[in-house]
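Novice: Give me coordinates for this.
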Amino acid sequence: MFIPHSSSQQRIIIYVSDDSVSQISNEFQSNSLINSQLQNQLKLEALDVLNYIHNSGIKYQLVDILVFGIHAIILDIDSSDLQKIITLFPDKKIFTDEILNIKLDKSFELIKATYVQNFTFDNGKKLTGNNITIAIIDTGINYNHSSLGGGFGPGYKVIGGYDFVDNDDDPFDEHGHGTHIAGIIASTVSIKGISPNVNLLAYRVVGYNGLVQASDVIIAMNRAVIDGSDIINLSLGSMTESNNLRKTTKEIAKSGTIIVTAVGNSGPISGSIGDPAKYEDVISVGSQYNTRNSTLGVVQLPDINEEIFGLPMKDSVLPNTPLTGEFVFVNYARLQDVLDIDLNGKIAIALRRGAEPNEIVYFSTKEAIVSSKGAQGLIIINTLPGIVHGQLIHPNSPPEYKPTIPTILITQEDGQIILNALQNRQLLGTVDIKTGLFTNLISLFSSRGPISSFYIKPDIIAPGENINSTWLQNSFMIQNGTSFATPHVTAAIALLLELHGPLSKDEILGILGPSSTTLTNSFDQPWSVNIQGSGSLNLQTALQNPVIISPSKLSFNLANQNKEYTKIIKIKSLIDEPLDIFIDDNISLGSNVDFIFNSSHVNLTNDQEIAIELHVKLNNDIIEPHSSETRLIITTNSTKLMKLTIPIIVHFNDISVNIIKLDDNYEITPNGIDAYDEIFYQIYRLEDGHRFDKTFSSDEPTIFTLEQGHYLIDVIISHNNTFSYGGIEFDTSQHVNPITTDFQQPFNDVIFRNLIIPALIFGLVFLFILILIKK
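Specialist: All right, here's what the predicted structure looks like:
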């Protein structure tokens, strides 16, 4: 039954059941015939739901029936009928749709893609992504572009797809975003793509207003799997939670399709990675600067080994040489703020805006005031999240105003580093505005972690600044954004699949991550894993990498009540020759933590996999919660000596978590804190990807209903404007009261699989033999 489009239209998702083709086939390893029968059965169940709605008199427009990632129907209804639908199906999960956004040549040198041009198989063929199919879910593709095949359908580069905006079979791109992504991957003329021989599938989900409905992405992902895609490129996302998209992503990832996502352009704010890039089931890509000139403000603080990057103000004076001097805080740089301060030859540090909510102190006013007091430079700290391109000359600046000193803007977080250092010392440093190559720097717009204390995002970074690629008509265009970093990784994965055959998401990360290039600042300190993940994509070392190391990144939760944790590192050979593996067991985070390996040297032969235990031990109590990072070096002696790196982050939590089983529920309480104002829980179930958040006041019982499964639980407690942190990995099937540990699942799994299960099987077999003998 059709409902005409109106402003009151509401798109909803109704779960028919908790089953899906991918879920059932994964559980029972069913074949294609059984999968086809399953699809038909699940569709019939969905039609029963539609008939029930029809018979109730509710008008709707059917958008799609999903049976693969999730078993659901998507409908457009009048918003006034939403409550009627909910009443009709009290036992079914019903969700309203979410809105997502798109994340709006030389880079090949940076990722060492030029190595691929000289790579040949034993039969002489080149590595080009042959027989690999990539789905681009975006604005469509300009398939008429001469560099993208010049046509659409079988026999062309873009072999198929669908337009979910106009609901037709022609996913032609009228925006350019998806075409730019396609060119980075597979362009064949002029500017050549990284994997030029892949097949492309184009799915248009981005409307004319630049917005995307999450349901269209879910439908497109299902369609991409059915159409045979090996990899899905998603350069879109949202800060809004979508459990429907999360569950679909998890089920599709389980089926073997690799999903590569852009982390987004909400940097440099911490914790700004949104859906779907924050999911552990996808490969999340951030952006770094390219091998093209850029202009940045650079602040170096050798006393505290910090290097900070900012944006120079438009119309700012450029220094002939770097400014060196003492840093002096001048509050909001108003006249009353600097009256009694000696700024002669100093570098002024000022806060953006004014002291009062409606007080405006222009950038030009701040610059003129501190310059008149003799300051040689000005650093303005943003008082809002993120960073902006400010300008000194504007309609409200005096006609006679002319900037006289270099002025840059830095983020609120970086500004706090300077202000903290100024509290107890005289701070000296340098300020410069440089134009040049910043290939060791992560893009300021690239979204950051952390998003969980249990795993690290982003996974990897690639060039996303000044990327030249295919565009509308038959043109090329330079673009910036994590959207354009993502296809570098997507194309690299296509080459890995051609080289090694089928690989899982974790196996791909186990190749790309350890072989990536660790980016460092001028003081040779690695940028945080929450910014760069494993590091910068290095296609040459990835293709030469002889091993898979899993996990490719390690995250530990320690607390005063839980001072030890063990994880397993698996190393698998990809080649048919013996390998020596050397573990650098001298890693350190100071005297407070010991890293203990059960082996520092192992041998691998012919596709063999070995497991190495890493035991982390806390030696002293944690006073203040914090996180510290280091990197594990693993060396192999393949055709040449290769150094691989594994980033490690340790969260030093000042609380642990106590879980008590009640009759039908669980009570989850903090352990290690006496009083609090509020407690926030973020709970994530690994089996289906479902996540929910809940906040309790101090007088509320913290009771949860948890279905059977394996959970990651992050806890944040606030008390008198201070915060405490904790985390626990929890499996309901292995729960014994009380539990107050960051659950050491990997170590326990090894014991369970390798000792307990074989012993039980042996005992049962032995008992059966005795019974037969007696008979």
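Novice: so how many other residues sit close to N265?
Specialist: 22 (other C-beta atoms under 10 Å). Bear in mind the C-beta positions are built from the backbone N, C-alpha and C, glycine included.
Novice: Kindly report the same for T261.
Specialist: Neighbours around T261, by other C-beta under 10 Å: 33.
Novice: And what about it, helix, strand or coil?
Specialist: With DSSP: H, G, I helix; E, B strand; the rest coil as the basis, T261 sits in strand.
Novice: Do I have it right that it meets E280?
Specialist: No: T261 is not in contact with E280 according to C-beta atoms under 8 Å; the separation is 11.6 Å.
Novice: got the residue ranges for the helices in the stretch 301-450 of the chain?
Specialist: 335-338, 363-372, 412-422 (DSSP state H, counting those that start in this stretch).
Novice: what's the burial count for Q525?
Specialist: 12.
Novice: Can you name every helix or strand that the helix or strand hosting I581 contacts?
Specialist: I581 is part of strand 579-583, with elements assigned from DSSP states H and E. Contact partners of strand 579-583 among helices and strands, from 3 or more C-beta pairs under 8 Å, 6 or more residues apart in numbering; DSSP states H and E: strand 601-604, strand 626-637.
Novice: Next, the angle strand 626-637 makes with that strand.
Specialist: 150 degrees (axes from the mean of the first three to the mean of the last three C-alpha atoms, to 10 degrees).
Novice: Tell me which residues of whatever helix or strand comes next after strand 579-583 come out buried.
Specialist: Downstream of strand 579-583, the first helix or strand assigned by DSSP H and E is strand 593-597. Within strand 593-597, the residues that count as buried by 16 or more other C-beta atoms under 10 Å are V593, F595, F597.
Novice: Let me have those residues in a markdown table, extended by distance to K346 and pLDDT.
Specialist: Listed next are the buried residues of strand 593-597 as a markdown table, based on distance: C-beta to C-beta, whole Å; pLDDT from 0 to 100:
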| residue | distance to K346 | pLDDT |
| --- | --- | --- |
| V593 | 40 | 92 |
| F595 | 44 | 95 |
| F597 | 50 | 94 |
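Novice: Turn these into JSON lines, including distance to A421.
Specialist: Output for the buried residues of strand 593-597, formatted as JSON lines (distance: C-beta to C-beta, whole Å):
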{"residue": "V593", "distance to A421": "25"}
{"residue": "F595", "distance to A421": "29"}
{"residue": "F597", "distance to A421": "36"}
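Novice: who's in contact with the strand holding I581?
Specialist: 546-547, 571, 573, 597, 599-605, 610, 612, 632, 634-638 (C-beta atoms under 8 Å, 6 or more residues apart in numbering).
Novice: Pull out the buried members of these.
Specialist: Here, 16+ other C-beta under 10 Å leaves P546, V547, I571, S573, F597, L604, I612, L632, I634, T636, S638 buried among the contacts of strand 579-583.
Novice: Just list the residues touching the residue nearest to the fifth one when sequence neighbours are not counted, thanks.
Specialist: For F597, the nearest residue in space outside its immediate sequence neighbours is D585; the separation is 4.8 Å by C-beta to C-beta, 6 or more residues apart in numbering. Residues in contact with D585 (C-beta under 8 Å, 6+ apart) are F595, F597, S600.
Novice: one more time with 10 Å, if that's ok
Specialist: F595, I596, F597, S599, S600, H601, I612, L614, L632, I633 (C-beta atoms under 10 Å, 6 or more residues apart in numbering).
Novice: What residues sit buried inside stretch 198-216?
Specialist: Neighbour-count burial for stretch 198-216 [16+ other C-beta under 10 Å]: 198-207, 212-216.
Novice: Equivalent analysis for stretch 653-671, please.
Specialist: N653, D654, I655, S656, V657, N658, I659, Y666, I668, T669, P670, N671.
Novice: Average pLDDT for whatever helix or strand the fifth one lives in, rounded please.
Specialist: Assigning secondary structure by DSSP H and E places V657 in strand 656-661. Along strand 656-661, the predicted local confidence has a mean pLDDT of 87.
Novice: The helix or strand just after it pairs with which strands, parallel or anti?
Specialist: As assigned by DSSP H and E, the chain's next helix or strand after strand 656-661 is strand 666-671. The strands beside strand 666-671 in its sheet (DSSP bridges) come out as strand 656-661 (antiparallel), strand 703-704 (antiparallel).
Novice: now those strands as a markdown table including distance to T139?
Specialist: A markdown table is the format used below for those (distance: least, C-beta to C-beta, whole Å):
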| stretch | distance to T139 |
| --- | --- |
| strand 656-661 | 44 |
| strand 703-704 | 41 |
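Novice: And the ones you listed: which comes nearest F68?
Specialist: Nearest to F68 among the strands paired with strand 666-671 is strand 703-704; the distance by C-beta to C-beta comes to 30.4 Å.
Novice: so how far is N545 from Q213?
Specialist: With distances taken as C-beta to C-beta, to the nearest Å, Q213 is found 39 Å from N545.
Novice: what do you get for G415?
Specialist: Counting by C-beta to C-beta, the gap from G415 to N545 is 40 Å.
Novice: do the same with G237
Specialist: Counting by C-beta to C-beta, the gap from G237 to N545 is 29 Å.
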